[in-house]
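Engineer: just a sequence and a predicted model for now, questions to come.
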Amino acid sequence: MIDVNDSQAMLRAELLACSEEGCDVSGVVKQIEGLEEAGSTGANVAGLLDVLAELESAPDFAYVEPTELAAIQAARPADRPGPFANPDELLDRILGGWLGRSAGCLLGKPVESLPRADIVAYLEAAGEYPLTRYFPLLEPNPLDRPLHRSAGESTRGNIECMPRDDDIDYMVIALHILETYGREYTAEDVGREWLLLMPIHMAYTAERAAYRNLVNGLQPPDTATFRNPYREWIGAQIRADVFGYVCAGDPEAAAALSYEDAILSHVKNGVYGEMFAAAMVAAAFGAG
């Protein structure tokens, strides 16, 4: 997890983002190397980020990656399934989806951000590898690093409810947005509710960058692009579920409904990720 207040980390992430977008970053890399030799990279990060922001994809870049909804929709296959769902099972399936999302989130919460090797070592120390239930709480901790701060309420025998988590936060906020603004909500509405309902330190990477931009007076879509090297990361995907629930059996509608939420913090592949996840959730209502 990268802190958007770490300017050096942002610069490294922006270099990677630009290169993945087909931009030639070699000139900026040379500038950075020269500044590193002089020991003055830190004082020049803002200027370097501005230079990177002006770069454009090379003419021979192999991918077409629009962010505008109409252009995304125009690129879809012509043969797409229509709506489908069994209304008699709808409420039960929505409940199952919400509980499943919470259960899966809770399962991994005690070891969030730990590398796989540490997770395996922890479970082997507990005699529970491979894992078949929720994580146990070992005292003393056999690792040289702590579990997630939620371990006291997210480990087996200590679970009373779904502990607060940003994944679930966004589901609740999405539901609130739809209840408040309806299906015609806008990215501006999403930003307004984030500021009202969520402290900035409950958001991470692209979401925290967008939040910071909102506080500084920017509006969508600029919130997704200014000083946001995480703009094509997967953060928006964790915000998709509710848009799939309310479009049960209609993946095309779910994808379109999630779009305004996505563009607050993401562009291109970051937007496609949320649209795909919302569509997939909606399609699941017609499966099996």
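Structural biologist: Nice, I can see it.

Engineer: can you give me the distance of the closest residue to F61 other than its chain neighbours to A62?
Structural biologist: The shortest distance from F61 to any non-neighbouring residue, by CB to CB, 6 or more residues apart in numbering, is to G22 (3.3 Å). Just so you know, the C-beta spots here come from the backbone N, C-alpha and C atoms, and that holds for glycine as well. For G22, the distance to A62 (CB to CB, to the nearest Å) stands at 8 Å.

Engineer: mind checking which of those two has more residues around it?
Structural biologist: Using other CB atoms under 10 Å, the more surrounded residue of G22 and A62 is G22, with 16 against 7.

Engineer: ok, that one - contacts?
Structural biologist: Each residue near G22 by CB atoms under 8 Å, 6 or more residues apart in numbering is listed here: 57-58, 61-63.

Engineer: now it. Its backbone dihedrals?
Structural biologist: Main-chain torsions, G22, degrees, to the nearest 10: phi 90, psi 20.

Engineer: what about it, distance to A75?
Structural biologist: Going from G22 to A75 by CB to CB gives 17 Å.

Engineer: just V271 next, same as before
Structural biologist: Distance, V271 to A75, by CB to CB: 12 Å.

Engineer: neighbour-wise, which of these two wins?
Structural biologist: Neighbour tally, V271 and A75, criterion other CB under 10 Å: the higher count belongs to V271, 28 against 11.

Engineer: other SSEs contacting the helix or strand hosting the more buried one?
Structural biologist: Following DSSP states H and E, one finds V271 within helix 268-284. Other elements packing on helix 268-284 under the criterion 3 or more CB pairs under 8 Å, 6 or more residues apart in numbering; DSSP states H and E are helix 69-74, helix 90-108, helix 241-245, helix 251-262.

Engineer: roughly how far out does the lowest-mean-pLDDT helix or strand in the chain sit from the chain middle?
Structural biologist: Ranked by mean pLDDT, DSSP states H and E, the weakest helix or strand in the chain is helix 26-38, scoring a mean of 84. Here helix 26-38 is found 31 Å from its chain centre; the criterion is CA atoms, centre = their mean, to the nearest Å.

Engineer: can you show me the CA trace of the helix or strand just after it as PDB?
Structural biologist: Going down the chain from helix 26-38, the next helix or strand is helix 45-53, by DSSP H and E. Output in PDB follows, covering the C-alpha atoms of helix 45-53 (Å, rounded to 0.1, in the frame of the first residue of the first chain):
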ATOM      1  CA  VAL A  45       9.200  16.000  -7.300                       C
ATOM      2  CA  ALA A  46       6.300  18.400  -8.100                       C
ATOM      3  CA  GLY A  47       8.000  19.700 -11.300                       C
ATOM      4  CA  LEU A  48       8.800  16.100 -12.400                       C
ATOM      5  CA  LEU A  49       5.100  15.100 -11.800                       C
ATOM      6  CA  ASP A  50       4.000  18.100 -13.900                       C
ATOM      7  CA  VAL A  51       6.300  17.000 -16.800                       C
ATOM      8  CA  LEU A  52       5.000  13.500 -16.600                       C
ATOM      9  CA  ALA A  53       1.400  14.800 -16.700                       C
END
